[in-house]
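Student: okay, sequence plus prediction incoming.
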Amino acid sequence: MSKRFRFIVVLLVIALCFVFLHPTLKWYFWTNQEDKALALASREKIKDYSENMARADVDKLIEMAASNSTEPLSEKYAPIIKEAKNRRKALGMEIPYQWTAQDVAASFKLSSKEKFIPIAQSILETAYRDSILGIKNYQTNAVKLGLDLSGGMLVIIKADLDAAISADGASSDTIADSKKAAMTLAMDTLRSRIDKFGLTDPVIRRQGDDRIYIEMPGAADADKINSIIMGRGILAFHIVDDEATQAFREYYRNNPGKTFDADYNLLNPEIIPEDCMVLGVYHKDAYGIDERDDREPFLVVKKQAGLEGKHLVSVDTSTDQRSNNPLVNFSLDAEGAKIFAELTTNNVGKRLAIVSDNKIKSAPNLKEPITGGSGSISGMSATEANNLKTVLRTAWLNVPLQLETQQVVGASLGDEKINEGIKALQWGLIAVLVFMLVFYKEAGINACIAQILNLYIMFSILSAFNLTLTLPSIAGMILTIGMAVDANVVVFERIKEELRLGKTREASINAGFEHAFSAIMDSNITTFIAAFFLSILGTGPIKGFAYSLAIGVVSSVFTALFVSRLIFDFGTQTLKLEKIHISWRKL
């Protein structure tokens, strides 16, 4: 293997590792605390912040334009300046060297500020939103800190799969598949519910056959979170009263401030029929949160649910073969099929509101009776179809859950352990590097470079696979440092033996690596096998230790046999060195 090829491989590995590690570096070292706090907030808070900042910036812009200010606009107005520049180019207008508020206003060719304000606010809000969500994305892809380091809540939930299968009436031939589907549904449902809290990347994974392991960093309100996790959810289908809806719209149009109280309860319940209620119509906005529909904000629906979500058996999406439009397909159990057949037969031509947590998520038209126990919902985009599928699948959970374990770890304890772990890692690395420099002289520099690169690769792989950094993980890294040095020591001692035989630098290096290869590979392969089985059979902290140990074994072999050899060859072939200083005493 040529030196050039090894050099190219090392450069490619370093570059690839930087790509993997970039989100971690960006989040922990290149993002200030204020931006971190915003990115860690719920999407509702991010939306409020973006709207308020955009509104304040536009007010300032209008004020500057009204006062004929010649002050150049700051960098925060760059998105509006970009749009104004595009408009000037399209109109063939001159582009200013420095932009002022008057230049921007003139670029939009709008005489009314009422028209300019919503456009400017939308542009700036989008910029703020994209910036914060971009930082949030870095956090998502960065190395995570476990609960023992960051604090938070650990929950282990047992899913009663037998009860769920019994309720669904699955046959003996399909029990295994039904249990797998029930477990997947339970995890998806819990993930959907936990996301409502805006928590920072909760860890949700399957543990064993029927348990769900959940880590929620920073979670404080344990009782509230448990009530949501353990709840069964609310999903129902209600018939829309179109006549009452039309009457309500007229009333709301004429009395917008006198229709609801602060909690959106009707101030005058008599404006709708006694057997009806008013619910808001919602869709997912650019932040991924529910937003009331501007075109049709409210619908009047029957109070009595026509069908409860517990009768849903399966939900999936497909594409209409004729129109190529997205479809949401659903099927019901036997009881639900009878209820739905009667409901749709008696209400053909009306709309059926799909209600989750007192929010209307969709209201498709009933074109014909649905009597076969299954049906399809059309007339929406692919994104809307996926959102509706998620609602139908996760709003009602027919799998009984039982809380088995709950632990709360304080953040202050986590900070203390982080500092202790980092200090242990630092002092361990420093001690090893000093020993190698003192004991192996020039070759010790080689080992130091390999060790630093070894840690760099380890953290990069942790980031690439979104693994969680815990105290056992740090222990595995510290152990890896010693093991990586062991590989260098084996190579260096073999080289010294060859030098004692009177061989040249190049011959000693070649023979040293050749003779040490099998010993290094044997020891590291056995360690990797042990780490592999620990990762499979172990749980929690043991898995973290096993993962970091396995990653460390791979990276230390690469740095000891590949990178270290490249550095030696560089000195021999490029720098034309004839001697090698590899011992603190004379050979």
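Tutor: Sure, I can see it.
Student: CA atoms for contacts and neighbours, from now on please.
Tutor: Fine.
Student: and the helix or strand hosting H283, what's buried?
Tutor: Using DSSP states H and E, H283 sits in strand 276-284. Neighbour-count burial for strand 276-284 flags C276, M277, V278, L279, G280, V281, Y282, H283 (criterion: 16 or more other C-alpha atoms under 10 Å).
Student: could you save those as CSV and add columns showing pLDDT and distance to W99?
Tutor: Conversion of those to CSV gives the following (pLDDT from 0 to 100; distance: C-alpha to C-alpha, whole Å):
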residue, pLDDT, distance to W99
C276, 96, 56
M277, 96, 52
V278, 96, 49
L279, 95, 47
G280, 93, 43
V281, 93, 42
Y282, 91, 39
H283, 86, 38
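Student: need the strands for the stretch 151-300 of the chain, in chain order.
Tutor: Using DSSP state E, counting those that start in this stretch, the strands assigned to the stretch 151-300 of the chain run over residues 152-159, 203-207, 211-217, 235-239, 276-284, 290-292, 298-302.
Student: what's the last one packed up against?
Tutor: It refers to strand 298-302. The criterion is 3 or more C-alpha pairs under 8 Å, 6 or more residues apart in numbering; DSSP states H and E, and the helices and strands that strand 298-302 contacts are strand 235-239, helix 242-254, strand 276-284.
Student: any chance of those in TSV, plus distance to E506?
Tutor: Shown next, in TSV, are the helices and strands packed on strand 298-302 (distance: least, C-alpha to C-alpha, whole Å):
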stretch	distance to E506
strand 235-239	75
helix 242-254	88
strand 276-284	66
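Student: for D333, which of these is the nearest?
Tutor: strand 235-239 (14.8 Å; C-alpha to C-alpha).
Student: paired strands for that closest one, with orientation please.
Tutor: In the sheet, strand 235-239 lines up against strand 307-308 (antiparallel), strand 352-356 (antiparallel) (DSSP bridges).
Student: name the element I481 belongs to?
Tutor: Applying DSSP H and E, one finds I481 within helix 471-500.
Student: that older thread, quick check, nearest of the buried residues of strand 276-284 to L462?
Tutor: Nearest member of the buried residues of strand 276-284 to L462, counting by C-alpha to C-alpha, is H283, at 36.1 Å.
Student: spit out the contact partners of that closest one.
Tutor: Contact partners of H283, counting by C-alpha atoms under 8 Å, 6 or more residues apart in numbering, are I289, D290, E291, R292, D293, K361, E384.
Student: buried ones among these?
Tutor: Buried among these by 16+ other C-alpha under 10 Å: E291, R292, D293, K361, E384.
Student: biggest separation within these, which pair?
Tutor: Between all members of those, the farthest pair (by C-alpha to C-alpha) comes out as R292 and E384, at 14.3 Å.
Student: what's the neighbour count on the closest residue to D160 other than its chain neighbours?
Tutor: Distance criterion C-alpha to C-alpha, 6 or more residues apart in numbering; nearest residue to D160, sequence neighbours excluded, is P400 at 5.3 Å. P400 has 16 neighbours, counted by other C-alpha atoms under 10 Å.
Student: please apply the same query to the one 5 residues further on.
Tutor: Counted with other C-alpha under 10 Å, residues neighbouring T405 total 11.
Student: quick one: the strands in the stretch 351-500 of the chain?
Tutor: 352-356, 359-362, 374-377, 401-409, 468-469.
Student: the residue nearest to the spatial centre of the chain: helix or strand, and which one exactly?
Tutor: Geometric centre of the chain, nearest residue: T140, 4.2 Å, by C-alpha atoms, centre = their mean. Per DSSP H and E: T140 is located in helix 113-141.
Student: now for that helix, which elements pack on it?
Tutor: helix 3-28, helix 33-40, helix 43-66, helix 78-91.
Student: buried set for the first one?
Tutor: By neighbour count on 16+ other C-alpha under 10 Å, the buried set for helix 3-28 is 7, 10, 14, 16-18, 20-25, 27.
Student: quick one: contacts for S69?
Tutor: Each residue near S69 by C-alpha under 8 Å, 6+ apart is listed here: T100, A101, Q102.
Student: test my guess that the residue nearest to D160 contacts A159.
Tutor: Yes: between P400 and A159 there is a contact under C-alpha atoms under 8 Å: 6.0 Å.
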